[in-house]
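> Predicted model follows, preceded by the sequence.
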Amino acid sequence: MSEKLVKLEKIAAPKGVREYLPPESRSFEWVREQLISPAKSAGYQLMELPVFEDTTLFNRGVGETTDVVSKEMYTFEDRGGRSITLRPEGTAGVMRAVIEGNLDRGQLPVKVWYAGQFFRAERPQAGRYRQFYQVGIEAIGVDDPALDAEVIAIANQGFKNLGLKRYRLEITSLGDAASRAAHRVDLMKFIGGLNLDDATKARSEINPLRLFDDKRPEIIDAMQGAPLLMDYLSDYSLDHFSKVTGYLDDLNISYVVNKRMVRGLDYYTGTTFEFVHSDLGAQSGIGGGGRYDGLMEVLGGQPLSGIGFGLGIDRALLAAIAENTLPIQEFSSDLFIIPLGDEMKSFALTFAASARKQGFSAEVAFGERSLKGAMKGADKSGARFVAVIGETERESGSVELKRMSDGTSISVKMSELNKVLEL
Ligand code: HAM
């Protein structure tokens, strides 16, 4: 290395990634906790999964005709020549792990939650990122309309916890295999009468429902008269769906049936839903989910059903900002400890550790600052109390705690901080 000092260029974050720094990260953390706490109280357990998986998992699980798989995956070859993909969504990975860990051989439904970052190479804009964050749940192995309703209710409670009001729940049924087969015949006939380019035709042959999701105005126009899957539901699917909506009515959860809803992932069957916020413009989907009754089998497992959701933390945060529901959260410690000189530092660290053990948050003033400078730091930190410690305090085991809000001081034994800090 050359000895010459060269000013190096700064390095920027990759395009389109969303990251959260203090103080904004406090709001992010709060939103994430509000969104997931209803699942925790409903018996869902944490699953921590890798952010990269074998590419085949998503090709097979999410579907090759989807934009997510065909256009938006971050796929690369690892050093061992394997094709790896950064997870674009969570369900396929959960299913892979459930099969691999034999969780489906135990108590059903398997009920898990997860939170983390996901990756889609989309065109970045407000509310749409290349790295974004979701919390999600999956309930695997029981096909009961009451479970569908509970899953939806859990998502809804998450948004309610955030104080959101200006959103709606859209719901539909993509039916069972028999419903989809009956619909497919008529839909293919309809699509056959359209003047489509070869790529679109090829895509529609694999999954004709994808055309309902096409954003090109001419396709949206052409699909106006297309037969809708909800009009082809089998008796079983119709009964299942009406039970789900019945339970939602009983739970006082309002919804709109959207017969034209298509989700961006191919594994959905039966009950499918989306939460849409009115203040977020084009990126209005704050969460979505549904049943995926064939997925486990497609991934090499047994033919078990499943249902779940993914909620977008980034968009939920934007919605909370738009509705002005974020609480003001001061980040401040109970105690700010200022050691008088270097020789008191070890004692300051011990005192801070003891305060934390007693259940209080404590910070120490570091560096070679003057007492005045350290007091300024204490002020900026917003700590409730400040303790300046020197030889006297160390000897006596008592400290003067200065209450920052009014400048008054109270003397207390270090082992009995609760006598003052809990006031
Ligand atoms: P999804 O609808 O693709 O579903 O994503 C769920 C939520 O993630 C969306 O409603 C949105 O809030 C957020 N989201 C998606 N893409 C982006 C992006 N590029 N930037 C910011 N936020 C985004 C799934 O991922 C399914 N795995 C959900 C599920 C679980 N279905 C059954 N179980």
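Right, received. Where do you want to start?
> show me what contacts the residue nearest the centre of the chain?
The residue lying closest to the centre of the chain (CA atoms, centre = their mean) is Gln134, at 1.8 Å. Applying CB atoms under 8 Å, 6 or more residues apart in numbering to Gln134 gives the contacts Glu89, Gly90, Ala115, Gly116, Phe118, Gly310, Leu311, Gly312, Ile313. Where C-beta positions appear, they are placed from N, C-alpha and C, glycine not excepted.
> Wait, the fourth one touches Gln131, no?
No: with contact defined as CB atoms under 8 Å, Gly116 does not count as touching Gln131 (10.3 Å).
> Mind picking out the helix or strand in this structure with the poorest mean pLDDT?
helix 198-206 (a mean of 88; mean pLDDT, DSSP states H and E).
> which residues are contacting it?
Glu64, Thr65, Met188, Ile191, Leu196, Arg210, Leu211, Asp214, Ile219.
> Could you check how far the helix or strand hosting Val185 is from the centre of its chain?
Taking DSSP states H and E as the criterion, Val185 maps to helix 177-192. Distance, stretch centre to chain centre, for helix 177-192: 35 Å (CA atoms, centre = their mean, to the nearest Å).
> Show me which positions of that helix end up buried.
Applying a neighbour-count criterion of 16 or more other CB atoms under 10 Å, one finds Ser179, Arg180, Ala182, His183, Arg184, Asp186, Leu187, Phe190, Ile191 buried in helix 177-192.
> tell me what that helix is packed against?
For helix 177-192, the packing partners by 3 or more CB pairs under 8 Å, 6 or more residues apart in numbering; DSSP states H and E come out as helix 198-206, helix 235-250.
> Would you tell me which one of those helices is buried the most?
Of all the helices and strands packed on helix 177-192, helix 235-250 carries the top mean neighbour count, a mean of 16, counting by mean count of other CB atoms under 10 Å.
> Can you give the strand pairings for the helix or strand following it, parallel or anti for each?
From helix 235-250 onward toward the C-terminus, using DSSP H and E, the following helix or strand is strand 256-257. Looking at strand 256-257 with DSSP bridges, its partner strands are strand 167-173 (parallel).
> how far is the partner strand from where the chain is centred?
On CA atoms, centre = their mean, the centre of strand 167-173 falls 19 Å from that of its chain.
> what comes up buried for that strand?
Neighbour count says strand 167-173 has Tyr167, Leu169, Glu170, Ile171, Thr172, Ser173 buried, by 16+ other CB under 10 Å.
> Please produce TSV containing those residues, extended by pLDDT and distance to Asp250.
Converted to TSV, the buried residues of strand 167-173 look like this (pLDDT from 0 to 100; distance: CB to CB, whole Å):
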residue	pLDDT	distance to Asp250
Tyr167	98	21
Leu169	98	15
Glu170	98	19
Ile171	98	15
Thr172	97	20
Ser173	97	18
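> Pop the domain breakdown of the chain in here.
Domain ranges of the chain: 24-176+252-322, 178-233, 335-421, per automatic domain parsing.
> so of those domains, which one's packed in deepest?
With a mean of 19, the top stretch among these by mean neighbour count (mean count of other CB under 10 Å) is domain 24-176+252-322.
> Pull up the residues of the stretch 51-200 of the chain that are close to the ligand.
Glu89, Gly90, Thr91, Arg120, Glu122, Gly127, Arg128, Tyr129, Phe132, Gln134, Gly136, Glu138 (CB under 6 Å from any ligand atom).
> hmm, 8 Å instead?
68, 88-92, 94, 118, 120, 122, 127-130, 132-134, 136-138 (CB under 8 Å from any ligand atom).
> where in the chain is pLDDT low?
1-4, 423 (pLDDT under 70).
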